[in-house]
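K.L.:
Fold the stuff below for me.
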Amino acid sequence: MTAERTDPPTTAVRWWHRVLVAAVAGGLMYAAFPPHQHVWWLAPVALGLLYATLTVGRPSVRSCAGTGFVFGLAFFVPLLPWIGEYVGPLPWLALAAVMAAYLALFGAVAAVTMRLRWRPLWFALSWVSVEALRSAFPFGGFPWGRTAFSQVQGWYLPLTSVIGVPGVSFVIALSGAAAASLIVRVVGRRTVTPRTAPLRTVTVALAATAVVLPLVGGALVSMLGSPFTTETGRVEVAAIQGNVPRLGLDFNAQRRAVLDNHVRETLRLAEQVNDRTRPAPDLVLWPENAADAPPTVYPDSAASIRAAVSAVGAPIAFGTWLPIEGGGATNTVLLWGEHDGFADPEPSGRYDKHIIQPFGEYLPWRSFFRLFSSYADRAGDFRPGTGPAVLTADTRNGPVTMGVATCWEVAFDEAAQQSVREDAQFLFVPTNNATFGKTDMTYQQLAMSQVRAVETGRSVVVAATSGVSALVAPDGSLIDESQIFTPDILQTALQLRSGQTPAVRLGPWPQRLIVLATVIGFLYALRGRISLDVLAGRREPATTKEHDGKQGL
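P.N.:
Predicted structure coming up:
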C-alpha cells in the first residue's frame, strides 16, 4: 500500500482570494508599526498570512510575485504618505510602488526556495534577503519599514542585542510562517499512516519550536540586560527642541529664527539652573539644522552659540551645514566646548554625516527626476562625510564620547555599530522632521532609535527641531519625550556604557549569511529544469509530485 503525501492537499484557490488575503496581510503589517506599536504581534500574524497565501494551492512563481506585490502596496502605501506631505502624492506613490516591486521579487524567490524541505525556513530567509537588498540598492537603499522596526514594544525586541535587526526580522518571519504551517498541518485534513506519522510529529515539533523559542529567548535576554556591556557612569544631558517658525519645505527660510529658538530654550535652561530648579547639565544637545546659519560663515551665529554655551556652562553639540570648497556642502554636527565658564573661541569637534539621503540631501539623476516633480530642484547638494562617527566632549566630570547618527542614518545598521566600535558611551541622533509635518514619520523614526538602543546596549538621545525628541534607555524604553511642534527641554542623568553586544560584534555577518543561504537554496531549487508550464504561470506539472511529496512543511 502506498503512503499518503505528507504535504497539505492541493486546494483550489482563485486569484482574487490571494489578492484579498495579501492585501489584508499587508494592512496588518502596516498596523504593527508606530504609532500603533502596541499591536506589535500583528507583524508575525501578517507574515503568517502571507506565507499561507504563497503556499496553499501550490501557486506558480508568477502568482507568488503578484501576491508579494499586493502585500507590498497594502503595506507601503499607508506607511509612507509623509513622503508626499508637501510635494504631492506622486513621489509617495512611486516610492511605495518601487518598494512593492521588491516584495514581488520576494514572492518569486520564495516560490522557488520553498520547493525545498521545511518551507517556513526558506520563507524567512527569502524575506530577510530581499529586505537586505532594498535596504542597500539603489542609491544606498531604503530601509524604512524593516520588520524589526515594528517591535519597540514587542517580545522580540530584546533579541536585537544578540542577533541584530536582520536577525529579529528573520525570527519574526520564521515564527509567523511556522505558526501558519502548524495551523495548516494540525487543522488540514489528511490521512496519517504509520510511515508518515514520525515525519508529521517532527515537523509539528519544529514548527512549534520556531514559534515559541524566539519568545522565550527574548524574555531571557530581557532579564539579563544588554549582554557584554557594563555601566560606566552617568552624564547629565539636556536635549533642546527649539521648534521651527513654520511647517513645510520652507521652514528653514528663516534660518536665523530656528537658531534663535534653540538659543532661547538654552538660555531658559540656564535660568532654571541658576534658580536651582533644574540640575546643571554636563552636555547640551541641539538637533539637526538647529544652526542652519553656519557659525563658521556667519559671525553673528557664532556669537549667539558662544553666548548659549557660556550661559549654560556646558558644551553644546548642534546640527548645521558647512560649505565645501568647489561646491556642495556637508550635513554637519559641531561640538562647541567651554572651559571655566566661558565658551571656546571656535568648535572643538566635527562630524559630517556619512550616509546622506537621496531625493532630500542630494538628488541622483536630477535632470530625469525634474520631469516628474517641480520640487526636484529643492533637493540639496550635500556630500557624504568620512572619518570617525564619534565626538568626545570635555565635561566638568571628564570626557564623554558620543556616537552620532544624523536623522536618516539611524535606519542603517552600520551607523550605530560603527559608533560603538569607536567606544561611544551613548548615541546622539540629531534630526529634523519639520519637512514632514504632523505625520507618522517622526514616530517611525523614533522607533528606529529605540531599536538601536537595544542593539548596541546604549542610551540614545534624539534631539529634533520640531519633535518628537526623546531620551531612550538601553532597553529601548522611553525615559522622556516631547510633544510635536512644541519647544521643550528634556533632561536626565543618562546612563553611559562600555562593551559591545553580540549584535555589534557580529556586525553585518548574520545578514550576509542569510543572503548567502538564500542564494544557495535558490540555485539548488533550480537545479532541475523549470518547465515551460511554470514559466507560463500554470500549475506545476504532475511530474513534480514525487519531489513535492518529500518536502515536509
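
K.L.:
hey, let's count contacts and neighbours off CA atoms from now on
P.N.:
Noted.

K.L.:
Point to the residue nearest the middle of this structure.
P.N.:
The centroid of the chain falls nearest to Ala411 when counting by CA atoms, centre = their mean (4.3 Å).

K.L.:
That one touches Gly141, doesn't it?
P.N.:
No. With contact defined as CA atoms under 8 Å, Ala411 does not count as touching Gly141 (10.2 Å).

K.L.:
On the three-state scheme, Ala393 is what?
P.N.:
Secondary structure, DSSP: H, G, I helix; E, B strand; the rest coil: Ala393 is strand.

K.L.:
tell me which element Ala314 is part of?
P.N.:
Using DSSP states H and E, Ala314 is not contained in any helix or strand.

K.L.:
which residues touch it?
P.N.:
Ala314 sits next to 281-284, 337-338, 341, 395-396 when contact means CA atoms under 8 Å, 6 or more residues apart in numbering.

K.L.:
Identify the farthest-apart pair in those.
P.N.:
Val284 and Gly341 (14.2 Å; CA to CA).

K.L.:
the more surrounded of those two?
P.N.:
Val284 (26 against 12; other CA atoms under 10 Å).

K.L.:
my guess is that one contacts His262, does it?
P.N.:
No. Applying CA under 8 Å as the test, Val284 and His262 come out as separate, 10.9 Å apart.

K.L.:
between these two, what contacts are shared?
P.N.:
What both Val284 and His262 touch, as defined by CA under 8 Å, 6+ apart, is the set Ile240.

K.L.:
and for stretch 500-513, what are the contacting residues?
P.N.:
So stretch 500-513 is contacted by 128-129, 132, 160-164, 166-167, 226-229, 413-414, 417, 420-421, 455-457 (CA under 8 Å, 6+ apart).

K.L.:
Where is pLDDT lowest across the contacts of Ala314?
P.N.:
Ranked by pLDDT, those bottom out at Gly341, which has 84.

K.L.:
Ala307 is in contact with that one, correct?
P.N.:
No. Using CA under 8 Å, Gly341 is not in contact with Ala307, being 10.7 Å away.

K.L.:
how about the strands in the stretch 301-450 of the chain?
P.N.:
With DSSP state E, counting those that start in this stretch as the criterion, the stretch 301-450 of the chain has strands at 316-323, 329-336, 338-339, 342-343, 349-352, 390-395, 398-404, 426-431.

K.L.:
Most tightly packed of those strands?
P.N.:
Counting by mean count of other CA atoms under 10 Å, strand 426-431 has the highest mean neighbour count of those, with a mean of 28.

K.L.:
who does that strand touch, helix- and strand-wise?
P.N.:
Here strand 426-431 touches strand 398-404, strand 460-464, strand 488-499, going by 3 or more CA pairs under 8 Å, 6 or more residues apart in numbering; DSSP states H and E.

K.L.:
among these, which is nearest Ala311?
P.N.:
It's strand 488-499; of these, that one is closest to Ala311 (CA to CA) at 15.5 Å.

K.L.:
Could I get the buried residue list for the following helix or strand past the closest one?
P.N.:
Helices and strands here follow DSSP H and E; after strand 488-499, the next one along the chain is helix 502-506. Using 16 or more other CA atoms under 10 Å as the test for burial, helix 502-506 gives 502-505.

K.L.:
okay if I get those residues as CSV plus distance to Glu236 and pLDDT?
P.N.:
What follows is those, written out as CSV (distance: CA to CA, whole Å; pLDDT from 0 to 100):
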residue, distance to Glu236, pLDDT
Pro502, 28, 97
Ala503, 27, 97
Val504, 26, 98
Arg505, 28, 97
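
K.L.:
Including distance to Phe522, could these go into TSV?
P.N.:
As requested, the buried residues of helix 502-506 are exported to TSV (distance: CA to CA, whole Å):
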residue	distance to Phe522
Pro502	29
Ala503	27
Val504	29
Arg505	29
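
K.L.:
Tell me the one of those nearest Gln241?
P.N.:
Using CA to CA, Val504 comes nearest to Gln241 of the buried residues of helix 502-506, at 30.0 Å.

K.L.:
From Arg452, how far off is the residue nearest to the centre of the chain?
P.N.:
9 Å (CA to CA, to the nearest Å).

K.L.:
residue ranges with poor pLDDT in this structure?
P.N.:
Within the chain, the ranges that satisfy pLDDT under 70 run 1-13, 187-201, 203, 246-254, 366-367, 369-379, 528-553.

K.L.:
go again using 80 as the cut-off
P.N.:
Scanning the chain for pLDDT under 80 picks out 1-16, 85-87, 184-208, 245-255, 365-380, 528-553.

K.L.:
mind listing the helices in the stretch 251-400 of the chain by residue range?
P.N.:
255-274, 299-312, 366-369 (DSSP state H, counting those that start in this stretch).

K.L.:
and Pro388, which of the ones you listed is closest to it?
P.N.:
helix 299-312 (24.2 Å).
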